[in-house]
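K.L.:
what's the 3D shape of this:
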Amino acid sequence: MKERFKNRRKEIFIIFLFLIILVFFFSGFSMGKEFSRKDINGITEIAKPILQVENVSSLEINNSNREGIYEFKVKNYNEQGEKTQVDLEYYIEILSDLENSGIELKLFRNDQEISINENKTEKFILSKDEAKEDNYKLEVKYDENRNINMEDLISQLQIKVHSEQIQEVL
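P.N.:
Model prediction:
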């Protein structure tokens with residue numbers, strides 16, 4: 001009888017242990033696991049930055065003509081008349097080895113000379129509020145006393161306009 005009582009006790013313990021394991025197993029799926037989904041719909045568009053660089057004239061320098069003017073425009077609207085939707089800040093970079101080249105450059109913005117430091121200009125702002133264009137003239141003079149091939153220098157001369165959107169503080 002004692003043995004039967006011990007066997008019965010073992011059976012009850014095993015059933016109890018099995019029930020506890022079963023409860024822990026299923027409680028892991030039901031407790032603390034929640035999934036929710038929220039859809040947010042909005043009708044918005046990304047702001048369209050427009051910065052156009054337009055070539056007005058080409059630069060013609062050769063052995064007989066040692067000076068030239070290159071004209072270009074930077075504007076905040078396109079051919080269709082669409083204005084930029086954000087304020088833009090830009091600067092002009094002139095890529096060339098100017099120190100040893102024998103080329104002298106002067107850059108004018110709307111007929112006022114602007115300085116070029118480390119081949120870059122200061123930063124300028126084009127506002128989204130009004131259509132605007134800045135007219136540039138780049139005067140290039142070649143020193144004829146230099147013993148450097150002028151055609152190679154002029155072909156390596158590049159003008160880049162770098163721009164970025166001005167962040168609005170809300």
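
K.L.:
Which residues are in contact with residue 90?
P.N.:
By CB atoms under 8 Å, 6 or more residues apart in numbering, residue 90 lies in contact with 51, 74, 123, 124, 125, 126, 161, 162, 163, 164. Any C-beta I mention is one placed from the backbone N, CA and C, and that applies to glycine too.

K.L.:
my guess is it is in a helix, correct?
P.N.:
No: read with DSSP: H, G, I helix; E, B strand; the rest coil, residue 90 is strand and lies in no helix.

K.L.:
That one pairs with what?
P.N.:
residue 124, residue 163 (DSSP bridges).

K.L.:
try residue 140
P.N.:
Beta-bridge partners, per DSSP bridges, of residue 140: residue 68, residue 105.

K.L.:
For burial, what's the neighbour tally of it?
P.N.:
Residues contacting residue 140 under the criterion other CB atoms under 10 Å number 18.

K.L.:
now the helix or strand harbouring residue 8, how far from the centre of its chain.
P.N.:
Using DSSP states H and E, the element containing residue 8 is helix 2-30. Mean-position distance between helix 2-30 and its chain equals 65 Å (CA atoms, centre = their mean, to the nearest Å).

K.L.:
pLDDT of it, averaged?
P.N.:
Averaging pLDDT along helix 2-30 yields 79.

K.L.:
buried subset of the contacts of residue 90?
P.N.:
51, 74, 124, 126, 161, 163 (16 or more other CB atoms under 10 Å).

K.L.:
Please render the residues you listed as CSV that adds distance to residue 4 and pLDDT to the earlier fields.
P.N.:
CSV is the format used below for the buried ones among the contacts of residue 90 (distance: CB to CB, whole Å; pLDDT from 0 to 100):
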residue, distance to residue 4, pLDDT
51, 94, 89
74, 100, 94
124, 99, 95
126, 97, 91
161, 97, 93
163, 92, 92
